[in-house]
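> how would this look folded up:
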Amino acid sequence: MSDTSKGKAGTLYLVPAPLDFGCESQTALTEVLPEGTLRRAASLTHWISENAKTARAYLKRIDALFPLAAPLQAQNIAELPREAHKKGDHGNKGGAVFDPKPLLAPALAGQDMGLISEAGMPAVADPGSSIVRAAHDLGIRVVPLTGPVSLLLGLAASGLNGQNFAFVGYVPQDGAERTARIKELESLALRQGQTQQFIETPYRNAALWQALLQTLQPNTRLALASGLTLETARIESHLVREWRQRNAPPDNRTPVVFAIGR
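Prediction:
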């Protein structure tokens, strides 16, 4: 533990990234991120990232607006273990079990640090929560910065219950397991009035979409949101029976946030 009582530890900033990662077009940073967030990010030189390459690409975009405190080549960017951002970083469901505290050594030495993922808010539907928890355990101040969170944007635009909701991550890829999970989530949504929200990665959307239309009850409401904050954003919310008539599946090239409820 550091001697934080003397104020020597730095601060861990949770730095949101734009939601256009992997998309064909990009949104101007100033359209989706406050100036204060961008200026703070520009002032940092030590990072914990999901991916160092994409972190540098984001910092390059920031540098075009607000000069970085150190050149890109001099930025200190550490990566979370690959297993952590593929299977979670708390050891659940086969996820990575690792000690995140060494990654926070610069903060203990007095350096402010940034935690960053490829899109959206780190540690929300993305890796990094183990870093945040370790920071609290070490007495390091944690400050989340303002920026886009796809889950909340999708929920707000769905027309579904925003007072009682759950984010459940990904549904299984196996057909039988996926069907069972969809039925389980629908039962929760209809019985408790709790919106059930989940996500899917590009090129798996089509299979999940077909499973949803085949499995859900006709009067269940199904919402989708993709390309959020982009000019090509698509946000729609209809009853399943209406979706079946529309024959309008989501784009299979971009991540999608789904939600079901009543």
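> In contact with residue 178, which residues are there?
Residues in contact with residue 178 (CB atoms under 8 Å, 6 or more residues apart in numbering) are 171-172, 208, 211. In this view, the C-beta of every residue, glycine as well, is placed from N, C-alpha and C.
> In TSV: the residues you listed, plus neighbour count, secondary structure and pLDDT.
Shown next, in TSV, are those (neighbours: other CB atoms under 10 Å; DSSP: H, G, I helix; E, B strand; the rest coil; pLDDT from 0 to 100):
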residue	neighbour count	secondary structure	pLDDT
171	23	coil	95
172	12	coil	95
208	22	helix	96
211	16	helix	97
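> Let's have the residues you listed in a markdown table, adding distance to residue 238.
Shown next, in a markdown table, are the contacts of residue 178 (distance: CB to CB, whole Å):
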| residue | distance to residue 238 |
| --- | --- |
| 171 | 20 |
| 172 | 25 |
| 208 | 17 |
| 211 | 17 |
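> Nearest to residue 227 among those residues?
residue 208 (16.8 Å; CB to CB).
> how close does that closest one get to residue 215?
10 Å (CB to CB, to the nearest Å).
> any low-confidence regions in the stretch 1-150 of the chain?
Low-confidence segments of the stretch 1-150 of the chain, defined by pLDDT under 70: 1-7, 84-96.
> Could I get the full set of helices for it?
Secondary structure of the stretch 1-150 of the chain by DSSP state H, counting those that start in this stretch: the helices cover 29-32, 35-43, 52-63, 82-87, 105-108, 129-138, 150-156.
> Among those, which comes closest to residue 123?
helix 129-138 (4.3 Å).
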